[in-house]
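In: What follows is a predicted protein model with its sequence.
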Amino acid sequence: MVPEAWSLVLLVAVGWHEGAPSRPVAVENLNLVEQIVRSAVSSPLEVVPEGFFLMGTDHHGGRPYGLDTQYDDTEQPQRRIWLDAFLIDRYEVSLGEFLDWLQQERRPLPEELRTLIEHVTTVHFVRPETLARWPALYVTWWEASEFCHARGKRLPTEAEWEKAARGESGNLFPWGSQRPSLDLAKFGQYHVHEIPIVGSVDGGKEGQSPYGLHHMAGNAAEWVADWFGTDYYATMPTRNPPGPKTGRYKVVRGGSWKSSPELLRTATRSGALPDQRAATIGFRCAKSGGR
């Protein structure tokens, strides 16, 4: 039995409308979602070795590095943190993968995602194989966590995400200290109707992190495992910090396709309610161990 939300996408896929002929215009377009799923790309895992790295920001007041923003106090103090080796997805989880998981779990298609798929395919003529490689968007934290566990993985901790993004010596951006440009990251785009201006998850190689991860700045901001703690950096353990035990918001890292250049810094922190769906938030998965 196909859930109602999925059925609506299928009707849109064949050009259905009130008064439309009973026969589909094209049989091969019968299942748009299936076409997206068939073109899905999955991510290989990259190893981040054990060791110390610089987490947070070493800055006090003023405009950091000439950027037009002030550092958030929650990024301070900068500390040397030890992490055991772990694995993390090279790419953000793709829309095709996420739709596949929703189908496998017999979960309804979120309304926001249904509307997005309808709009970009019927108005902007985005092809299913292109959508399949978009980052998964409009995903709650709970869904992201459950997706990762279903794949034998988990969401990265905030510390793991930051080390994977900046390396051991505290890169300002994943690629180094060079100011962001559209050759390095997908950012600074805006559409009044919230139509994402994103790149494929397996694109963005030019701006990759020291460990070969793509889109750790821009494209989709990313859920991580931790609750957001405003003073956690001052009190967190120096080895494998797990994040606060409780909180209201879950941490979101990396900036998105809408972000200003300053928000693409590897130390920038933000948060969102775990049941929030946003056109700017996706995720990637991680796994303990180095193999």
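Out: Arrived safely, thanks for sending.

In: Give me the below-cutoff pLDDT ranges for this protein.
Out: 1-30, 59-71, 192-194, 291 (pLDDT under 70).

In: In the longest helix along it, which of the residues would be classed as buried?
Out: For the chain, the helix with the greatest residue count under DSSP state H is helix 111-122. The neighbour-count check on helix 111-122 (16 or more other CB atoms under 10 Å) flags 113-118, 120-121 as buried. For glycine as for every other residue, the C-beta is placed from the backbone atoms N, C-alpha and C.

In: now, among these, which is nearest to Lys205?
Out: Nearest to Lys205 among the buried residues of helix 111-122 is Val120, at 24.3 Å by CB to CB.

In: and the closest one, what does it touch?
Out: By CB atoms under 8 Å, 6 or more residues apart in numbering, the residues touching Val120 are 126, 131, 195.

In: Kindly report the same for Trp134.
Out: 94-95, 196, 198, 200-201.

In: Give me the subset of those residues that lies in strands.
Out: In strands, judged by DSSP state E, none of these are found.

In: what about the helices in the stretch 1-150 of the chain?
Out: 4-13, 32-38, 95-104, 111-122, 128-131, 141-150 (DSSP state H, counting those that start in this stretch).

In: Please tell me how far Trp141 sits from Asn31.
Out: Trp141 sits 29 Å away from Asn31, taking CB to CB, to the nearest Å as the criterion.

In: who's more crowded, these two?
Out: Legend: neighbour count by other CB atoms under 10 Å for Trp141 and Asn31, higher for Trp141 (23 against 18).

In: Can you tell me the closest non-neighbouring residue to that one?
Out: Of all residues not flanking Trp141 in the chain, Pro274 sits nearest, at 3.7 Å (CB to CB, 6 or more residues apart in numbering).

In: Around the one you found, how many other residues sit close by?
Out: Residues near Pro274, counting by other CB under 10 Å, number 17.

In: these two touch, right, it and Gly247?
Out: No: between Pro274 and Gly247 there is no contact under CB atoms under 8 Å: 9.3 Å.

In: And stretch 226-237, what's buried?
Out: For stretch 226-237, using 16+ other CB under 10 Å, the buried residues are 226-229, 232-233, 236.

In: Which residues are in contact with Ala144?
Out: Contacts of Ala144 (CB under 8 Å, 6+ apart): 93, 155, 223, 282-283.

In: Please repeat the previous calculation with a cut-off of 10 Å.
Out: 93, 98, 136, 154-155, 222-225, 250, 274, 281-285 (CB atoms under 10 Å, 6 or more residues apart in numbering).

In: Ala217 now?
Out: Counted by CB under 10 Å, 6+ apart, Ala217 has contacts 165-166, 173-175, 180, 184-187, 204, 207-209, 253-256, 259, 261, 263-266, 268.

In: Leaving out sequence neighbours, find the closest residue to it.
Out: Of all residues not flanking Ala217 in the chain, Leu264 sits nearest, at 3.9 Å (CB to CB, 6+ apart).

In: Please apply the same query to Ile281.
Out: Excluding the flanking residues, the one nearest Ile281 by CB to CB, 6+ apart is Ala221, at 5.1 Å.

In: Would you agree the one you found is in contact with Gln276?
Out: No: using CB atoms under 10 Å, Ala221 is not in contact with Gln276; the gap is 11.5 Å.

In: what about those two, which has more around it?
Out: More crowded of Ala221 and Gln276, by other CB under 10 Å: Ala221, with 28 against 16.

In: so what's the more buried one up against?
Out: Ala221 sits next to 92, 135, 137, 215, 252-259, 263-264, 268, 270, 272, 278, 280-283 when contact means CB under 10 Å, 6+ apart.

In: Kindly provide the distance from it to Ser259.
Out: Plainly put, Ala221 is 7 Å away from Ser259 if you go by CB to CB.

In: if we can go back for a sec, out of the contacts of Ala144, which are inside helices?
Out: Within these, residues falling in helices by DSSP H are Phe98.

In: Which members of the contacts of Ala144 are classed as buried?
Out: Applying 16+ other CB under 10 Å to these, the neighbour count classes 93, 98, 136, 154-155, 222-225, 250, 274, 281-285 as buried.
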